[in-house]
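Q: I'd like to go over a predicted model; first the sequence, then the structure.
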Amino acid sequence: MQDGFVRLTAAEAAAMISNGDAVGFGGFTTSGVPKAMAAALAAHATAERDAGRKFRLNVHTVSTGPAFDGALAAADAIARRAPWQSDSTLRRKINAGEVPFCDLHLSHVTQALRYGWFGSLDWAIIEAAEVSGEGDILLTSAVGAAPSLCNAARRVIVELNHHHPPALRGLHDIWEPADPPHRREIPIYSAADRIGAPVFRVPAAKIAGIVEANAPDPGTAFAEPDDTMLRIGRNVTEFLAAQLRAGRIPASFLPVQSGVGDIANAVLGAMGEHPEIPAFDMYTEIAQNAVVRLMESGRVRFASCTAFTMSPDALARIYGNLDWFKPRLVLRPQELTNHPEIVRRIGVIAMNTALEADLFGNVNSTHLFGRSMMNGIGGSGDFTRNAYLSIFTCPSTAKGGKISTIVPMASHVDHSEHDVQVLATEWGVADLRGLAPRERARAVIENCAHPDYRDALRAYVRLASTGHTPHTLRAALEFHERFEQTGDMRGVQFDGAAGAAQA
């Protein structure tokens, strides 16, 4: 071929990889995933297993979804996994103890790989829109950790996906910091600053081959917001508008980070419609549907992210109007989008979702009942600890009202009370800044808890009457156990004499 690299079928490339190899995959969520290679590796693992041979890989990636994690997990091709996932098949294997899973903050991943904390990386497999003969790589709809994976790996396989046009050049901003003790400041002072290059170079000798493909990203389906989501969106937006009026947010506003999901879309949509909130910038991990709409309407001035996590029609709008979007949009490595230095410097307003929150502001965003992994912490911790203002949202109940997401004590803590400043549900907003633990508990109960659970939560605080942070471990445990035993948390009461939860 003109670029001088060997062309391989996906099956031929998969056959080059050995059982036990450590493989880093490019992409982020369902975007920029090496699609042909994922399918070929799953097929290769199945064939090896049918022949009585083992084929399992140590996988490092933020790529996920049924076509990637699901296919590899179903083929029993994953020996270990880090650092984030969201596929149901892989989730079952992780929670069954079949696949050891290391969860860590996304801003830490590439440095950990460079330091060799996970051992050596045998392969990097990435998706590209264009490859030059010198090894210059133009990425597609996500950057994630791809440049660092290629630098760390011994060999690289490039999946050249012709669905993504070379006209993407100029959308990416690729830059990797030096490691301590030689690291300097990251010179990003606003969301729109560009400090790197539109491509990155992989030494030609490292590239084992090119696999050609032509496949769209599967995209992410988002539901139309229901009444609960809309109420959460309005509550967060009214709170931000009040902060703006009080002078606690600058009149020009601040950059916004938003987690992925339907609630996040609803919150951003409400912000875009509020007459008091000016046009703002996004400095975030992912751009999803609401960001595209807000950019098109002029409500978002600029968006900095590491991936597009959106529906196919929203991505098509970007690809169909690249000349308009490229001056207003940038894709960076996750090490930059999530870096604490930048988040703190530019004063990001961080908005993320919780599985549950306790009365004192501790948030669980990863584990059901403290032991079953959902997805992982992702980048929420990077932003929460370093944000100008950290907000967590969730509906006040789950399972049709059978479970309260506001609990006496979080069953697992990803974000502690020291980092969580604001909680919001469909019932209201609890501003926890400057409050002592008992004051926090009152604010959370009266503003965020579902009315059906407020009496039980008030009783818990009365029961746990001593200490700076009033807790009674037995009653807190039984609050969680009640749902596991009966499937319904409704009607829970606390017996002040025994300190136990009673039906």
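A: That came through, no problem.
Q: Quick check: phi and psi at L168.
A: Main-chain dihedrals, L168, degrees, to the nearest 10: phi -70, psi -20.
Q: Look at it and say how many residues are nearby.
A: 21 (other Cβ atoms under 10 Å). All C-beta spots, glycine's among them, are computed from the backbone N, C-alpha and C.
Q: show me the contacts for it.
A: By Cβ atoms under 8 Å, 6 or more residues apart in numbering, L168 lies in contact with A129, L138, L139, T140, L322.
Q: Tell me which helix or strand comes right after the strand or helix carrying the first one.
A: Under the assignment given by DSSP states H and E, the secondary-structure element containing A129 is strand 121-131. Heading C-terminal from strand 121-131, the first helix or strand you meet, by DSSP H and E, is strand 136-139.
Q: Parallel or antiparallel, which strands does that following strand pair with?
A: Strand 136-139 has the following strand partners under DSSP bridges: strand 121-131 (antiparallel), strand 200-201 (antiparallel).
Q: Columns distance to C150 and mean pLDDT on top of those, output as CSV?
A: Output for these, formatted as CSV (distance: least, Cβ to Cβ, whole Å; pLDDT from 0 to 100):
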stretch, distance to C150, mean pLDDT
strand 121-131, 5, 98
strand 200-201, 7, 98
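Q: In CSV, list those along with mean neighbour count and distance to Y189.
A: Shown next, in CSV, are the strands paired with strand 136-139 (neighbours: other Cβ atoms under 10 Å; distance: least, Cβ to Cβ, whole Å):
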stretch, mean neighbour count, distance to Y189
strand 121-131, 25, 29
strand 200-201, 18, 23
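Q: In JSON lines, list those along with distance to S63.
A: As requested, the strands paired with strand 136-139 are arranged in JSON lines below (distance: least, Cβ to Cβ, whole Å):
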{"stretch": "strand 121-131", "distance to S63": "9"}
{"stretch": "strand 200-201", "distance to S63": "18"}
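Q: Next, the contact list for V156, please.
A: V156 touches W123, A124, I125, I126, C150, V202, K206, I207, A208, counting by Cβ under 8 Å, 6+ apart.
Q: Mind picking the two most distant members of the contacts of L168?
A: L139 and L322 (14.4 Å; Cβ to Cβ).
Q: quick one: F118 from T472, how far?
A: Relative to T472, F118 is positioned 41 Å away (Cβ to Cβ, to the nearest Å).
Q: do the same with I137
A: Look at I137 and T472: by Cβ to Cβ, they are 56 Å apart.
Q: Which of the two has more residues huddled nearby?
A: Looking at I137 and T472 with other Cβ under 10 Å, you find the greater number of neighbours at I137, namely 25 against 20.
Q: Please report how far the more buried one lies from A124.
A: Taking Cβ to Cβ as the measure, I137 falls 10 Å from A124.
Q: same thing with P198?
A: For P198, the distance to A124 equals 19 Å [Cβ to Cβ].
Q: got it, and V300?
A: Distance from V300 to A124, counting by Cβ to Cβ: 32 Å.
Q: Pull out the buried residues from stretch 12-27.
A: For stretch 12-27, the buried set under the neighbour-count rule, 16 or more other Cβ atoms under 10 Å, comprises A13, A14, I17, D21, A22, V23, G24, F25, G26, G27.
Q: three-state assignment of the last one?
A: Of the three states, G27 takes strand under DSSP: H, G, I helix; E, B strand; the rest coil.
Q: likewise the third one?
A: Per three-state DSSP, the local secondary structure of I17 is coil.
Q: cool, and S390?
A: Of the three states, S390 takes strand under three-state DSSP.
Q: Specify the beta-bridge partners of it.
A: Using DSSP bridges, the bridge partners assigned to S390 are A350.
Q: For it, give me its contacts.
A: Neighbouring residues of S390 by Cβ under 8 Å, 6+ apart: A350, N352, F383, T384, H415, D419, V420, Q421, V422.
Q: With D3 instead?
A: Counted by Cβ under 8 Å, 6+ apart, D3 has contacts V131, S132, G133, I210.
Q: try 6 Å this time
A: D3 is in contact with V131, G133, counting by Cβ atoms under 6 Å, 6 or more residues apart in numbering.
Q: Isn't V330 up against I174?
A: No - using Cβ atoms under 6 Å, V330 is not in contact with I174, being 10.4 Å away.
Q: neighbour-wise, which of the two wins?
A: V330 (26 against 21).
Q: Secondary structure class of that one, three-state.
A: strand.
Q: and it, what pLDDT?
A: On the pLDDT scale, V330 is placed at 98.
Q: Same check on F392?
A: Looking at F392, its pLDDT is 98.
Q: ok, now which ones touch the residue lying closest to it once chain neighbours are set aside?
A: Of all residues not flanking F392 in the chain, A354 sits nearest, at 4.5 Å (Cβ to Cβ, 6 or more residues apart in numbering). The contact partners of A354, taken as Cβ under 6 Å, 6+ apart, are V363, S365, F392, C394.
Q: Can you get me a residue count around the first one?
A: Okay, so that is V363. 28.
Q: Report the contact partners of it.
A: By Cβ under 6 Å, 6+ apart, the residues touching V363 are A354, A357, F392, H415, V420.
Q: any idea which element M37 lies in?
A: Counting by DSSP H and E, M37 is part of helix 35-50.
Q: The helix or strand just after that helix pairs with which strands, and in what direction?
A: Downstream of helix 35-50, the first helix or strand assigned by DSSP H and E is strand 57-63. Partners of strand 57-63 in the sheet, by DSSP bridges, are strand 22-29 (parallel), strand 78-83 (parallel).
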